[in-house]
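**Q** Predicted coordinates and the sequence they were generated for:
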Protein chains: 2
Amino acid sequence: MRTPEEFARHDIRVFVHHEVLAVDPDAQTVRVRDTRSGRTFTQPWGALVLTTGGQPSRPPIPGLNLAGIFTLRVPEDALAIKRWLVEQRPRHGVIVGGGYIGVEMAEALVARGVHTTVVEMLPQLLPTFDADMAAHVEKTLANHGVEVRLEHRVEGFEGDNRVRAVVAAGRTFPADMVIFSVGVRPAVTLARQAGLTLGPTGAVAVDERQRTSHPAIWAAGDVTEVHHLVTGQPAYIPLGTTANKQGRVAGTNAAGGEATFRGVVGTAAVQVFDVEVARTGLSEREAHAHGLQAASVTITASANAHYMPEHAPLHIKLVFERGSRRLLGAQIVGRTGAAKRVDIVAAALHAGWTTAELAALDLSYHPAVAPVWDPVLVAANVANR
Amino acid sequence: MRTPEEFARHDIRVFVHHEVLAVDPDAQTVRVRDTRSGRTFTQPWGALVLTTGGQPSRPPIPGLNLAGIFTLRVPEDALAIKRWLVEQRPRHGVIVGGGYIGVEMAEALVARGVHTTVVEMLPQLLPTFDADMAAHVEKTLANHGVEVRLEHRVEGFEGDNRVRAVVAAGRTFPADMVIFSVGVRPAVTLARQAGLTLGPTGAVAVDERQRTSHPAIWAAGDVTEVHHLVTGQPAYIPLGTTANKQGRVAGTNAAGGEATFRGVVGTAAVQVFDVEVARTGLSEREAHAHGLQAASVTITASANAHYMPEHAPLHIKLVFERGSRRLLGAQIVGRTGAAKRVDIVAAALHAGWTTAELAALDLSYHPAVAPVWDPVLVAANVANR
């Protein structure tokens, strides 16, 4: 986004090609290695902000290091994938893991003419959604020629130097390339070495000011856990939206200012071919896992007026607490208008509203953008019955 | 939406082609006239729900009754306009009044090949928006060949049996047809005759249960005024979204149930050619008119990631109270994504949030639907400075 030279104009020195080898929290120094010259040196600090991010999970599966198997995290990963597509012209691609990255990469490979199979360990894709909502995405992928294999745990990769096949649930899937996308873990090596407290999720624990267990060390982004406003508990939900907000808060506080980050409600969106998929709060399964007495309603309604030339159904699932009717979450799938409608429910979760309070919202209507009763209100009204 | 026969299946008798001539609130009867047979009769009631709606304003302007001058309220009006377009093939259309109906009819006439002029008394179109935001719509209309004449008060219509010209601000505009859309008034004739209390807006005053000043008469829709949650005062904002919610509440209470309607925040949307326009809360002008110490910020940001093949700017104006930074309203204009983003701010207004609370929202991100910082959050961050 910005070059070291641009930062320099603001009196900020940026060291690229430098790796921090160790943090000394007592001496308040870092040991740094210039990766081009090999030179190491010690840099003192008064305030430290740890933003080491996340990294793709790489469980010990035989053959995972074969050529043609890619993880996707940084732009360089994308360029390597693109190079393989151009130079090797793969016919069969296998995607291991059907989360956000997996389903997006399925679309990308299909667009390149690669016969694509998604292999997922769980009985559904997109594990942050309930199975009934994820089914819409499974159908969309199938409609675009993607083979989806659920409940297939990957056992190994075959090939000599380069991958030739994926073995999952005892079956062999031919593969000229593999996208390995089974999740993200916080990159906590330095944090651990520095003795910072990790939370129950395994990520760095921070307070509302993004301060770690060390009074002069702040942390932000995918290396940290986040306060979930619906459960009231820490969660590990590594997303750029959250990282950006946390970074502002950590930076402000580290520089002597005052800022707080109250937490997230678990909002996320993904586009799969022509389908927009979004969620916020807890899925019904997640709500049960947190010991909540959750119920749900699912409706299908037109995203805009039924008499408009372009109208398409929107599938909405609202999750709420039995008795209190407190909203717990929403999942929306449709051709358009899913993501920003989930944001309406996200606001309702921030406010701690019931389904009745959601149903009372004064939302915009115009035949081109919504029916008189916006589908979000329809779902809330059904939940109120 | 439903036929009398469909209602009959639910034991509901519907009298079409019947006009209520008078309400006797003491005897609890209505005097009814069958408009086809001319027969009149008296119908007793235990609970009455008054939903007489609104009607187009028709100030006493010379020539307003000439053929070819239309108001637009009910489907029959639209059919009459369509018939005139087909049978008379007008070359010049003049739209008097540049509110929601006026700008939508401008698009409709242009689509029929009619040279269209919008004549507006005020110095801007869309009076529920601030002038700087309405300017985007004025430009859009001009780009599509619509002549917009602001600060032109209509003085009369010329023609023999049918309209030939509109005279405004001393100038004559040729017109083979006119859409007269200068506003809506509550249809309070029956309410007045029944002695119901009208509020400061001139519409029927109702409480949270949609009950009028008579304990057995409820009212809903465009005949009523509505509680504005931002000002805390009654307002007349006749919209279908509100009417639908009020109708449910009035019906539930009239039938012996319990329901309340807390009010609106003034959300509305309109589409003008390829531009989506939406607003909620108070405009800056409205805020000042209510004696509030209002400030505003206006930003332009891409509705989705800047590197997506289809991205277009979104103009957002946030209005807030100086000092407290309490949100007062928002106006959004863009090619897409304006209306449902205004709904996020509408939720924030229902919650009574500050700009900082808006900026903290966990909103969805995906390159196809939003940047990492949704434009709503960008605007809130700028307001927080």
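**A** That came through fine.
**Q** Please count neighbours and contacts with C-alpha atoms only from this point.
**A** OK.
**Q** and chain A, what are its domains?
**A** The record assigns chain A these domain ranges, following automatic domain parsing: A:17-46, A:69-184, A:197-264, A:268-384.
**Q** Save the ones you listed as TSV, and put in mean neighbour count too.
**A** Shown next, in TSV, are those (neighbours: other Cα atoms under 10 Å in any protein chain shown):
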stretch	mean neighbour count
domain A:17-46	14
domain A:69-184	19
domain A:197-264	21
domain A:268-384	22
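**Q** Point out the one among the ones you listed that comes closest to residue B:10.
**A** Closest approach to residue B:10 among the domains of chain A (Cα to Cα): domain A:268-384, 19.9 Å.
**Q** What's opposite residue A:316 in the beta bridge?
**A** Counting by DSSP bridges, residue A:316 forms beta bridges with residue A:299, residue A:332.
**Q** which residues touch the spatially closest residue to residue A:300 that is not a sequence neighbour?
**A** Nearest in space to residue A:300, with sequence neighbours left out and distances taken as Cα to Cα, 6 or more residues apart in numbering or on different chains, is residue A:315 at 4.5 Å. Residues near residue A:315 by Cα atoms under 8 Å, 6 or more residues apart in numbering or on different chains: A:133, A:298, A:299, A:300, A:301, A:332, A:333, A:334.
**Q** Kindly provide the distance from the fourth one to residue B:201.
**A** In other words, residue A:300. Using Cα to Cα, to the nearest Å, one gets 38 Å for the distance from residue A:300 to residue B:201.
**Q** Show me what from chain A comes close to chain B.
**A** Counting by Cα under 8 Å from any Cα of the partner chain, the residues of chain A close to chain B are A:240-242, A:244-245, A:261-262, A:264-271, A:278, A:337, A:339-344, A:346-348, A:350-351, A:360-366, A:368-369, A:372-373.
**Q** make it 7 Å
**A** Residues of chain A found near chain B (Cα under 7 Å from any Cα of the partner chain) are A:240-241, A:264-265, A:267-270, A:339-341, A:343-344, A:346-348, A:351, A:361-366, A:372-373.
**Q** Sort out for me which of those residues are in helices.
**A** Among the residues of chain A next to chain B, DSSP state H puts A:240, A:241, A:339, A:340, A:341, A:343, A:344, A:346, A:347, A:348, A:351 in helices.
**Q** Tell me the secondary structure of the nearest residue to the third one once chain neighbours are set aside, please.
**A** Which is residue A:339. Computed as Cα to Cα, 6+ apart, the closest residue to residue A:339 that is not its neighbour in sequence is residue A:278, at 5.1 Å. Here residue A:278 is recorded as strand under DSSP: H, G, I helix; E, B strand; the rest coil.
**Q** Can you spell out which residues form a bridge with residue A:278?
**A** Under DSSP bridges, the beta-bridge partners of residue A:278 are residue A:269, residue A:332.
**Q** contacting residues for it?
**A** Residues near residue A:278 by Cα atoms under 7 Å, 6 or more residues apart in numbering or on different chains: A:268, A:269, A:270, A:331, A:332, A:333, A:338, A:339, A:342.
**Q** Residues touching stretch A:55-72, excluding its own?
**A** By Cα under 7 Å, 6+ apart, stretch A:55-72 touches A:73, A:77-78, A:81, A:155-158, A:161-163, A:176-187.
**Q** Please repeat the previous calculation with a cut-off of 8 Å.
**A** Against stretch A:55-72 from outside (Cα under 8 Å, 6+ apart): A:73, A:77-78, A:81, A:84, A:101, A:154-163, A:176-187.
**Q** chain center to it: distance?
**A** A distance of 19 Å separates the C-alpha centroid of stretch A:55-72 from that of its chain, computed with Cα atoms, centre = their mean, to the nearest Å.
**Q** For that stretch, buried residues please.
**A** Buried residues in stretch A:55-72, counted by 16 or more other Cα atoms under 10 Å in any protein chain shown: A:55, A:56, A:63, A:64, A:66, A:67, A:68, A:69, A:70, A:71, A:72.
**Q** Assumed the first one was part of a strand.
**A** Yes: for residue A:55, which was evaluated using three-state DSSP, the result is membership in a strand.
**Q** Enumerate the beta-bridge partners assigned to it.
**A** What pairs with residue A:55, by the bridge criterion (DSSP bridges), is residue A:185.
**Q** ok, now how distant is it from residue A:101?
**A** Residue A:55 sits 13 Å away from residue A:101, going by Cα to Cα.
**Q** Please apply the same query to the fourth one.
**A** Look at residue A:64 and residue A:101: by Cα to Cα, they are 18 Å apart.
**Q** Check the gap between the residue lying closest to residue A:321 once chain neighbours are set aside and residue A:327 for me.
**A** Of all residues not flanking residue A:321 in the chain, residue A:294 sits nearest, at 4.6 Å (Cα to Cα, 6+ apart). Noted for residue A:294: a distance of 9 Å to residue A:327, by Cα to Cα.
**Q** residues shared between the contacts of the two?
**A** The contact sets of residue A:294 and residue A:327 overlap at A:319, A:320, A:321 (Cα under 8 Å, 6+ apart).
**Q** Residue A:327 is in contact with the last one, correct?
**A** Put plainly, it is residue A:321. Yes: counting by Cα atoms under 8 Å, residue A:321 does reach residue A:327; the two are 6.4 Å apart.
**Q** hang on, the earlier thing: TSV please, covering the contacts of residue A:278 and showing pLDDT and distance to residue B:228.
**A** Listed next are the contacts of residue A:278 as TSV, based on pLDDT from 0 to 100; distance: Cα to Cα, whole Å:
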residue	pLDDT	distance to residue B:228
A:268	98	32
A:269	97	33
A:270	97	36
A:331	98	30
A:332	98	30
A:333	98	33
A:338	93	28
A:339	93	28
A:342	98	25
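**Q** wait, what's in contact with residue A:234?
**A** Here residue A:234 is in contact with A:199, A:200, A:201, A:225, A:226, A:227, A:228 (Cα under 8 Å, 6+ apart).
**Q** residues touching the last one, list them.
**A** With Cα under 8 Å, 6+ apart as the criterion, the residues that contact residue A:228 are A:234, A:235, A:263, A:264, A:265, A:266.
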